[in-house]
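>>> Just to be clear, the model below is a prediction. Sequence and coordinates:
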Amino acid sequence: MAEPDPDTIFSGAGQRLGAPETLGISTLDPGHRPPAMPPGRHVTVRVRMLDDTEELFDISQKASGKVLFDLVCSHMNLIEGDYFGLEFQNQQKMMVWLDHIKPIIKQLRRPKHTILRFSVKFFPPDHAQLLEELTRYLFALQIKQDLFCGRLTCNDTSAALMVSYIIQSEIGDFEESQCRSHLLNNNYIPDQMPLIDKIMEFHSKNIGQTPAESDCHLLEVARRLEMYGIRLHPAKDREGTKLSLTVAHTGVLVFQGHTKINAFNWSKVRKLSFKRKRFLIKLRPDLNSSYQDTLEFLMPSRDCCKVFWKICVEYHAFFRLFEEPKPKPKPVLFSRGSSFRFSGRTQKQVIEYVKESEFKKIPFERKHSRVQYSSRVQHNSRLSPLPSPSHREVPTDSGAPGDRIDSPRRHWKESVLVSAEDPAASRARMSPSHQRNGHEERTGSVSRTEETRSPTRQTHPEHLNTGVVSNSPHLSASSGHSHGMVNGQKSLDLCSHSPDGRLPSPLTSPLLNDACSVRTDDEDEVRRKRFPTDRAYFIAKELLTTERTYVKDLEVVTVSFQSAVGQDEATPDSLKDAIFSTFEPLHKFHTGFLREVEQRLALWEGRSNAHIKGDYQRIGDVLLKNLQGLKPLTANLSKQSEILLELEKACKASRRLEGLCRDFELQKVCYIPLNVFILRPLHRLIHYKQILERLCKHYPATHVDFRDCRAALADVSEVVDQLQGSLIKMENLQKLLELKKDLIGVDNLVVPGREFIRLGCLSKLSGKGLQQRMFFLFDDIILYTSRGMTATNQFKVHGQLPLHGMTIRESEDEWGVPHAFTLVGQRQSVVVAASSLVEMDKWMEDVKMAIEMAKTSNGPSSELLTSSLTDNKCPEDSSVEAESEDDMTAPHVSLEKPTPHRGNTMVHVCWHRNTSVSMVDFSIAVENQLSGNLLRKFKNSNGWQKLWVVFTNFSLFFYKSHQDDYPLASLPLLGYSVTVPSESENIHKDYVFKLHFKSHVYYFRSESEYTFERWMEVIRSATVPSSRARGLNGKETHA
């Protein structure tokens, strides 16, 4: 009897990696030769590869399993070998993994008669974590095997889709007769004949895909399936019900048949152990859980129990630890429990090892592929690239040893893969095929929760998001979405773009590193002292910096959108005319205006014609002249809502146009929702008014610039006053249209008269305890939703509460839940709890106001709001979805045509930060845009980095310079606090402000007292709760 030590799988959680030791590393370091063979009699071991070829390896009987595994990886030039293993059938007829520590002779009783299978051992949640094309190819071969043998079960649509990607990589582009003949002669799935037509239909849509791209698509579809990477181990519960246990990156799973019925995440498991046939799971105490402390499962034998326990230990260590657990010292007298431990690198170590090392790049051979591309070397022979002195091939019909190419190891300097710490380099090395309209093409990526223990996370991965490029053809650079920007900016952890459009959490992504910008310290001090110190100069400079951003925003519509969508035949002419007749004249005008402002600031600063600069230290004349010229162009701005509705109507009528617009919003250049760009001209007029108000307040009445500034202010105020009412309605319409994309299970959300009030995270009290839900408050109804059960990262509507006849009361004492209140409707009552007293007060104030509005309103009928709900009962009350720690989506979603969706909008940020925002907050955030250069410093770094920073939509967007077309990274500000550093923080610089959220701290340094005050002001508008003074139906402009 062997009972593992209680701390077997949780000891040695590892520290942050320094220089990793080579002990236990299962693939070769650069330049290292295969491990030295220990003395002793040699045996020949047969290994069957994933492409069904067999290789013979001569190895000493005394050699450890690791030596043999390293030989196999060396033979294939496989760098990321840690995801794989060698499995074989032991004497008990059970498939087990070759132990890397034990000698071969103790594991293989009859080596000559044993076939070891090289297979995938650890299945990561996202194929984007696989950094090499060879590794992804091997995973694709494993998926192909699992499909063929029926291990990877799925619906017909998913099966046909995956087979279409497999044959695309094997025979190339679709040709009907060739495709049909190939499918008749080759079986990929059980009972393939009825699906041939569907497979061919999908194959016809894959034209142009290279084998590597097809691998990415195949893995993207496969990873969403419930049985992806699942190896079932039969068991029974205490009642004798037949079940199956399995392990995944998230934890231990329980299946009944091929249906997952329970999951125990690693974060909830305290200890795994076994005793004879009993497999024991000890859980951490949870007041909200109905499970007992220890769960017991009965397995067929003790050996079965131990085999499963071992793979659980290895999965936990590989995906959860930072480094390989250290071996425990052997006891002197007695040993209790198993001494087994994980041997090898963890996933985090593997990714860092590949990123930080350089390897020669050699082509590898795809056995079944007939496709050849000039940019990639593909061969119709074997997987193995080199003959190895320590092995020989088993002759087969598929090729001969001479077919292989003798090439050096892959040279990673030639690859487009760059470190996540150098996004600038990634842009420079980006292949033209990955660019669209001068901007890198972006596809979807995986969404992860804020708590995901991703092995690629760095110092502050949850908040600052940046983009990197992978050598995967469909893993192009983006956000990290958070991967991952916010509001349309994608986030990405390493190379987490995926063809289906799932995004990384806006809160998980690598950092924008020092490599992206120039460190400046003393030179900026000298520059600051040389330039003017007049407050009017810095106000004028704000005009310049924000005008640069505004012109770039106009180019998003006039250049990028026009190229990606406007020229397509699916776009109605009326929509083209409505958009471009408004924006092209504006873009032309503001380009000239920007040129004049730049020239005036150059004269003001004295960089040219310094001897005559006296008359140029003003900006009012330039503003007055240009605002008068702008007036005719603003005549049609009141009709921007018609453009929004026209665009929505056209997308409804044409699925192609809808897809084009969705794809455009996934591009990095579209860093905020497209509809917000449509309203930019209206917001810019408010910015002009704010700047002129500050100038007029600063100047004395006798100043030479005062008269022009006052006249310009009168002109722009007149236009703003005329458009103010329209702007309020258009902002509400824009927000409704944006929310419609974030929600599923809702119809008729956008109807005349409906006003959005607040959205945010609340905990709903049900029979299962408190459950996180996203609530949406409108002037006639409340919707509550959950996230994580759709392939598109949208929020699923669970219930609706009409406001007519509703009452609200505090319920903390009644239920014993802090910050709880009850929404009492005519047919249903719901108890919810806010995250803080401030949040509760905001919700109760807004709900009470909305109830009063509903009493006197003739607004829309809430009965027509949701089509998927037959009543107001919340489905999760009877069946609560189990969201995994890594936020994996449900496998039952149809994969016939995965549709990308921005999984990083403000709704998702509120979900992760457990907060809320109101419509008033949204209005202030878009009106208080600010741009300019800032110096940034991390909590533990020494130097300062110079970045071009744009504030809008509750986020800071970071650029290397103002000339960049898209941001390198973003930082959602919801939940952050902005303060001034204390003396103890040793920030001995002027004009520094600090952003902090939990343990995440950033310092930013501005160039003057004025810019410091402005940055503090606009950031507080996004981080401090808004006052209700502005109400819903009227609002003041905020300076």
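Perfect, thanks for sending it.

>>> My read is that residue 851 contacts residue 802, right?
No - using CB atoms under 8 Å, residue 851 makes no contact with residue 802, being 10.4 Å away. Using the backbone N, CA and C atoms, a C-beta is placed for each residue, glycine as well.

>>> helix/strand/coil for the closest residue to residue 144 other than its chain neighbours?
Computed as CB to CB, 6 or more residues apart in numbering, the closest residue to residue 144 that is not its neighbour in sequence is residue 166, at 5.6 Å. What DSSP: H, G, I helix; E, B strand; the rest coil gives for residue 166 is helix.

>>> ok, now how distant is residue 166 from residue 128?
Counting by CB to CB, to the nearest Å, the gap from residue 166 to residue 128 is 20 Å.

>>> cool, residue 850 as well?
When distance is defined by CB to CB, residue 850 is 42 Å away from residue 128.

>>> quick one, which of the two is more surrounded?
residue 128 (28 against 24; other CB atoms under 10 Å).

>>> count of neighbours near residue 942?
For residue 942, using other CB under 10 Å, the count is 8.

>>> Check which helix or strand it maps to.
Take DSSP states H and E as the rule and residue 942 turns out to sit in neither a helix nor a strand.

>>> If we ignore the residues flanking it in sequence, what's nearest residue 566?
Using CB to CB, 6+ apart, the closest residue to residue 566 is residue 576 (5.6 Å).

>>> Assign a three-state SS to that neighbour, would you?
Following three-state DSSP, residue 576 is assigned to helix.

>>> Quick one: neighbours of it, just the number.
So residue 576, with other CB under 10 Å, has 16 neighbours.

>>> ok, now the one 3 residues further on?
The number of residues packed near residue 579 is 22, by other CB under 10 Å.

>>> Please report how far it lies from residue 572.
Look at residue 579 and residue 572: by CB to CB, they are 11 Å apart.

>>> cool, residue 963 as well?
34 Å.

>>> More neighbours: which of the two?
The neighbour comparison of residue 963 against residue 572 (other CB under 10 Å) goes to residue 572, with 16 against 9.

>>> just to revisit the earlier point, assess the claim that the residue nearest to residue 566 and residue 565 are in contact.
No - using CB under 8 Å, residue 576 makes no contact with residue 565, being 9.2 Å away.

>>> quick one: furthest residue from the center of this protein?
With distances taken as CA atoms, centre = their mean, the residue sitting farthest from the centre of the chain turns out to be residue 702, at 55.3 Å.

>>> Isn't residue 253 up against residue 245?
Yes - counting by CB under 8 Å, residue 253 touches residue 245, with 7.3 Å between them.

>>> Settle it for me: which of those two has more neighbours?
Just comparing residue 253 and residue 245: by other CB under 10 Å the higher neighbour count belongs to residue 245, 23 against 20.

>>> The strand or helix carrying that one: what's the following helix or strand?
Counting by DSSP H and E, the element that carries residue 245 is strand 242-248. Next helix or strand after strand 242-248 toward the C-terminus (DSSP H and E): strand 251-256.

>>> So what are the sheet partners of the following helix or strand past that next one and their directions?
Sequence order places strand 259-265 as the next helix or strand after strand 251-256, per DSSP H and E. Its sheet considered, strand 259-265 pairs with strand 251-256 (antiparallel) by DSSP bridges.

>>> For the partner strand, buried residues please.
Buried positions in strand 251-256, judged by neighbour count with 16 or more other CB atoms under 10 Å: 251, 252, 253, 254, 255.

>>> tilt between that strand and strand 242-248?
Interaxial angle of strand 251-256 relative to strand 242-248 (axes from the mean of the first three to the mean of the last three CA atoms, to 10 degrees): 150 degrees.

>>> which residues sit against strand 251-256?
By CB atoms under 8 Å, 6 or more residues apart in numbering, the residues outside strand 251-256 that reach it are 230, 232, 241-247, 260-269, 272, 281, 312, 884-885.

>>> go again using 10 Å as the cut-off
With CB atoms under 10 Å, 6 or more residues apart in numbering as the test, strand 251-256 has contacts from 226-227, 230, 232-233, 235, 237, 241-247, 260-269, 272, 279, 281, 295, 297, 308, 312, 315-316, 319-320, 884-886.

>>> sorry, back to before: shared neighbours of residue 253 and residue 245, anything?
In terms of CB under 10 Å, 6+ apart, residue 253 and residue 245 are both contacted by the residues 232, 262, 264.

>>> Please convert the residues you listed to TSV, extending it with distance to residue 823.
Formatted as TSV, the shared contacts of residue 253 and residue 245 follow (distance: CB to CB, whole Å):
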residue	distance to residue 823
232	44
262	32
264	33
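
>>> Can you give me the neighbour number for residue 147?
24.

>>> Can you verify my assumption that it contacts residue 162?
Yes - counting by CB atoms under 10 Å, residue 162 is a contact partner of residue 147 at 6.3 Å.

>>> who touches both of these two?
Residues touching both residue 147 and residue 162 (CB under 10 Å, 6+ apart) are 154, 188, 189, 218, 222.

>>> Make a PyMOL selection of the buried ones in these.
Entered in PyMOL, the line below selects the buried ones among the shared contacts of residue 147 and residue 162, by 16+ other CB under 10 Å:
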select buried, resi 154+188+189+218+222
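
>>> Just the ones of the shared contacts of residue 147 and residue 162 in strands?
Taking DSSP state E, every one of the shared contacts of residue 147 and residue 162 sits outside strands.

>>> Kindly indicate which of the shared contacts of residue 147 and residue 162 lies nearest residue 822.
Nearest to residue 822, judged by CB to CB, of those is residue 154 at 43.3 Å.

>>> if I pick the residue nearest to residue 566, what's in contact with it?
Residues near residue 576 by CB under 10 Å, 6+ apart: 562, 565, 566, 567, 568, 650.

>>> out of those residues, who has the most neighbours?
residue 565 (22 neighbours).

>>> buried stuff in the longest helix seen in the chain?
Longest helix of the chain, by residue count under DSSP state H: helix 706-742. For helix 706-742, a neighbour-count test (16+ other CB under 10 Å) marks 706, 708-713, 715-717, 719-720, 723-724, 727-728, 730-739, 741-742 as buried.

>>> now swap in stretch 911-923 and tell me
By neighbour count on 16+ other CB under 10 Å, the buried set for stretch 911-923 is 911-923.

>>> ditto for stretch 73-91
Neighbour counts over stretch 73-91 (16+ other CB under 10 Å) mark 73-88 as buried.

>>> end-to-end on it?
Distance across stretch 73-91, first residue to last, is 26 Å (CA to CA, to the nearest Å).

>>> do stretch 76-91 as well
End residues of stretch 76-91 are separated by 29 Å (CA to CA).

>>> can you give me the helices in the stretch 201-350 of the chain?
Using DSSP state H, counting those that start in this stretch, the helices found in the stretch 201-350 of the chain span residues 211-222, 302-320, 347-356.

>>> so where's this structure uncertain?
Along the chain, the parts satisfying pLDDT under 70 run over 1-39, 286-292, 325-341, 358-361, 371-532, 607-615, 788-792, 858-904, 1025-1039.

>>> among the buried residues of stretch 911-923, which are in strands?
916, 917, 918.

>>> quick check, nearest of those to residue 758?
residue 918 (4.4 Å).

>>> Bridged to the nearest residue to the closest one once chain neighbours are set aside, which residues?
Spatial nearest neighbour of residue 918, chain neighbours left out: residue 758 (4.4 Å); criterion: CB to CB, 6+ apart. The partner list for residue 758 in beta bridges (DSSP bridges) reads residue 777, residue 918.
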